[in-house]
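Peer 1: dropping the sequence and predicted coords here.
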Amino acid sequence: MDKLAYYLVTLVESVLAIFGVRALYDQPRYAIIERLDRGIEIRAYEARLAVETDARGQGDGEAFGRLFRYITGANRTSDRIAMTAPVESGGRRIAMTVPVEQAAGGTMRFFLPRDVAEAGAPEPTEPGVRLVRVPAEQIAALRFSGRATPEFRAEQERILAEVLAAVGRSTTGSQVFMGYDPPFAIPFLRRNEVAVRLVEL
């Protein structure tokens, strides 16, 4: 796809995303294998390929910029790669003296389209950006809309942890945030999720 067509498609996707339309975005494949209280889904995800970088947490503009530059040509073959959903960010939250969210040892990920993964994704050229293979796994996810403020996100994380504890499901690692829409999307139409990887039974 030439540069002009790529940016036109990206613009159309962005305009549609304002209204919660995500049909044009490639998304990782999963099957819902169980539904728990409070709308929590246990999902079985297929293996997938992602590009990731270290991040300070959700909303880290520098991390997002590095990943965005990768899909717009900062790679060995200067390929432009379609945007996908969701963007995943994770890391543990550190208490501060003001309500600021920060991540220690966290990452931000863009999952790559299946056709790019199958053809062999180009290597990143920017330092700190890497390709990672994410194995098939089970994830528990809680979907919510609105703005994912640190306080609201923390409440959703608490609900997810409580429901999983009540049913005796063990997790691996910390919870992550998965955002399916750009920051300018209409808040009540947004798809946000908090999720955690599970120890498979």
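Peer 2: Cool, got the structure.
Peer 1: helix or strand for the spatially closest residue to Glu52 that is not a sequence neighbour, which one?
Peer 2: Among residues not flanking Glu52 along the chain, Arg109 sits closest, at 4.3 Å (CB to CB, 6 or more residues apart in numbering). Glycine gets a C-beta too; all of them are placed from N, C-alpha and C. Applying DSSP states H and E as the criterion places Arg109 in strand 106-111.
Peer 1: what is the subsequent helix or strand relative to that strand?
Peer 2: Proceeding N to C from strand 106-111, the next assigned helix or strand is helix 114-119, under DSSP H and E.
Peer 1: so how far is Phe144 from the residue nearest to Arg147 when sequence neighbours are not counted?
Peer 2: The spatial neighbour of Arg147 that comes closest, neighbours along the chain excluded (CB to CB, 6+ apart), is Pro187 at 5.3 Å. Look at Pro187 and Phe144: by CB to CB, to the nearest Å, they are 11 Å apart.
Peer 1: quick one: the strands in the protein?
Peer 2: Counting by DSSP state E, the segments of the chain that form strands are 30-35, 41-45, 48-55, 87-90, 92-93, 103-104, 106-111, 129-134, 137-144, 171-179, 192-198.
Peer 1: for the residue nearest to Glu52, the count of nearby residues, please.
Peer 2: Using other CB atoms under 10 Å, the number of residues around Arg109 comes to 22.
Peer 1: Asn75 now?
Peer 2: Burial measure for Asn75: 21 neighbouring residues, criterion other CB under 10 Å.
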